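Participant: next comes the sequence, and after it the predicted model I'd like to discuss.
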Amino acid sequence: MSELSERGALRIEWARDHMPVLAAIRESLKQKKTLRGLRIAMALHVEAKTGVLALSLQEAGAKVRLASCNPLSTDDSVASALSEAYGLEVYAKKWETAEEYYANLQKVLDLKPDLVIDDGADLVFLLHTKRTELLSGVRGGNEETTTGIIRLRAMERDGALRFPIVDVNDAQMKHLFDNRYGTGQSTIDGLMTATNLLIAGRTFVVAGYGWTGRGIAMRARGMGARVVVTEVDPVKAIEATMDGFEVLPMSKASRIADFIISATGGKDVLTATHFPRLKDRVVLGNAGHFDNEISKADLDRLSKTKKKVREFVDEYVFPDGKRIHLIAEGRLLNIAAGQGHPVEIMDMSFAIQAVSAGYLADHAAELKPRVYPVPANLDLKVAQLKLRSLGIGIDRLTKEQRTYLESWREGT
């Protein structure tokens with residue numbers, strides 16, 4: 001085994017050792033033979049935790065092919081180990097060009113999948129546009145992230161979706177932990193790895209106060225930053241205010257920022273409208289899925305020079321001498337520059353992925369081409385397994401308490 005693969009295998013086995021919930025789901029799928037003989041096409045961030053998920057599905061009897069869901073998010077050591085040491089078909093490398101990225105997705109789809117596990121919906125998009133000959137064989141798919149669910153719900157509204165999708169992102173055991181605690185911690189990890197700059201005492205702007213944004217804001221405040229939140233949703237703006245954060249429009253917040261992290265799932269959060277008024281040496285980063293939250297086209301057009309000043313930092317110099325620093329080409333910095341979410345967080349998220357794959361294997365024929373929530377009993381199963389792995393016990397409702405909660409007859 002090569003030195004690169006050995007390093008990746010150590011990372012995979014470290015992750016596997018800290019993912020007891022997924023291990024329990026893996027054993028259940030193996031015993032029930034739910035996935036045996038199925039072909040599963042995956043587009044997820046190719047790193048150690050994803051490796052454990054892919055190997056779990058393979059060990060449960062599925063034929064698996066894996067590509068990255070982002071050109072910058074592959075851990076090359078893990079990709080090498082999965083191929084060389086574990087015999088998994090992987091088509092991914094870090095710093096892929098856009099052409100290489102889509103070519104690798106095509107190679108994954110050449111498997112002629114029964115099930116698709118996607119992150120950002122690029123695989124599903126290709127199936128509905130350039131690989132329509134494969135649609136009749138696809139039973140269903142899972143979607144991991146907010147951005148992908150937005151795309152897939154739009155497809156459903158337009159009547160374009162051709163097979164059922166399980167919305168893994170909005171499962172309680174995913175978004176309540178992955179988006180808030182996972183992205184919250186890993187964004188700070190990626191920011192530190194990329195810049196090695198101090199957060200304490202600096203003005204830290206977070207665009208978006210969904211679960212991801214609030215996780216980032218919470219951790220930035222914990223590190224001593226003055227945190228400012230921007231929002232378009234009045235309810236979330238009030239939440240941020242009552243959580244103790246200053247709320248401003250981006251037009252004002254951007255002028256005082258030392259760091260700006262976008263976590264909206266939308267596009268054009270920072271554009272030519274904002275760039276001329278930013279501070280010198282401001283740091284811009286994106287914690288959303290696609291690289292369109294910060295307009296790179298506008299940065300390229302307005303700046304006079306661009307150069308790489310650290311491995312994951314590009315410096316744009318404007319005609320007045322002001323410098324703007326962009327992390328990881330505006331791609332999701334927590335995994336492009338960091339190591340992604342903590343292992344224990346992805347244990348829960350990928351357990352949801354695995355049980356959802358099993359659910360589709362058993363029930364896809366009964367489902368219409370729509371976006372479906374993860375069944376509540378499966379969400380609860382993952383929660384119970386997680387509590388057990390932590391050694392935590394909780395109370396149970398008595399018969400009388402349950403009757404009271406289900407009745408309308410007892411009052412004041």
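Facilitator: That came through, no problem. Quick caveat: nothing in here was measured; it's all calculated off a predicted structure.
Participant: wasn't Lys306 part of a strand?
Facilitator: Yes. Assessed with DSSP: H, G, I helix; E, B strand; the rest coil, Lys306 lies in a strand.
Participant: now it. Nearest residue, chain neighbours left out?
Facilitator: Leaving aside its chain neighbours, Lys306 sits nearest to Tyr316 (5.2 Å; criterion: Cβ to Cβ, 6 or more residues apart in numbering). Where you see a C-beta, it was placed from the backbone N, CA and C, and this is true even at glycine.
Participant: now do that neighbour, the pLDDT please.
Facilitator: At Tyr316, the pLDDT value in this model is 98.
Participant: which helix or strand contains it?
Facilitator: Per DSSP states H and E, Tyr316 falls inside strand 313-317.
Participant: return the distance of that strand from the chain's centre.
Facilitator: 26 Å (Cα atoms, centre = their mean, to the nearest Å).
Participant: tell me the centre residue of the chain?
Facilitator: Thr145 (5.1 Å; Cα atoms, centre = their mean).
Participant: now it: how far from Thr193?
Facilitator: Distance, Thr145 to Thr193, using Cβ to Cβ, to the nearest Å: 21 Å.
Participant: do the same with Leu397
Facilitator: With the distance defined as Cβ to Cβ, Leu397 ends up 46 Å from Thr193.
Participant: now do Phe245
Facilitator: From Phe245 over to Thr193 the distance is 25 Å, taken as Cβ to Cβ.
Participant: returning to what we had before: in the strand holding Tyr316, what's buried?
Facilitator: Counting neighbours by 16 or more other Cβ atoms under 10 Å, one finds that the buried residues in strand 313-317 are 313-316.
Participant: who's more crowded, Phe245 and Thr193?
Facilitator: Each of Phe245 and Thr193 has its neighbours counted (other Cβ atoms under 10 Å); Phe245 has more, 22 against 19.
Participant: distance of the residue nearest to Lys306 relative to Ile294?
Facilitator: In terms of Cβ to Cβ, Tyr316 sits 11 Å off from Ile294.
Participant: ranges for the helices of the stretch 151-300 of the chain?
Facilitator: Using DSSP state H, counting those that start in this stretch, the helices assigned to the stretch 151-300 of the chain run over residues 172-174, 183-195, 211-222, 234-242, 250-256, 296-302.
Participant: export those to CSV and tack on distance to Lys386 and mean pLDDT?
Facilitator: Output for those, formatted as CSV (distance: least, Cβ to Cβ, whole Å; pLDDT from 0 to 100):
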stretch, distance to Lys386, mean pLDDT
helix 172-174, 7, 96
helix 183-195, 17, 97
helix 211-222, 18, 97
helix 234-242, 26, 98
helix 250-256, 37, 98
helix 296-302, 39, 98
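Participant: which of those helices sits closest to Phe350?
Facilitator: helix 172-174 (9.3 Å; Cβ to Cβ).
Participant: show me what that closest one is packed up against.
Facilitator: helix 343-363, helix 376-390 (3 or more Cβ pairs under 8 Å, 6 or more residues apart in numbering; DSSP states H and E).
Participant: tell me the buried residues in the shortest one?
Facilitator: Residues 378-379, 381-383, 385-386, 389 are the ones in helix 376-390 that count as buried (16+ other Cβ under 10 Å).
Participant: pairing partners for Gly141 in the sheet, please.
Facilitator: Using DSSP bridges, the beta-bridge partners of Gly141 come out as Val116, Ile165.
Participant: next up, the contacts around it.
Facilitator: Contacts for Gly141 were tallied using Cβ atoms under 8 Å, 6 or more residues apart in numbering; they are 115-118, 123-124, 163-166, 360.
Participant: one more: Val138?
Facilitator: By Cβ under 8 Å, 6+ apart, the residues touching Val138 are 113-116, 127, 162-163.
Participant: kindly report the same for Ile40.
Facilitator: Per Cβ under 8 Å, 6+ apart, neighbours of Ile40: 57, 62-65, 111, 113-117, 357.
Participant: and Asp178, by the same measure?
Facilitator: If you count contacts by Cβ under 8 Å, 6+ apart, Asp178 has them with 341, 345-346, 348-349.
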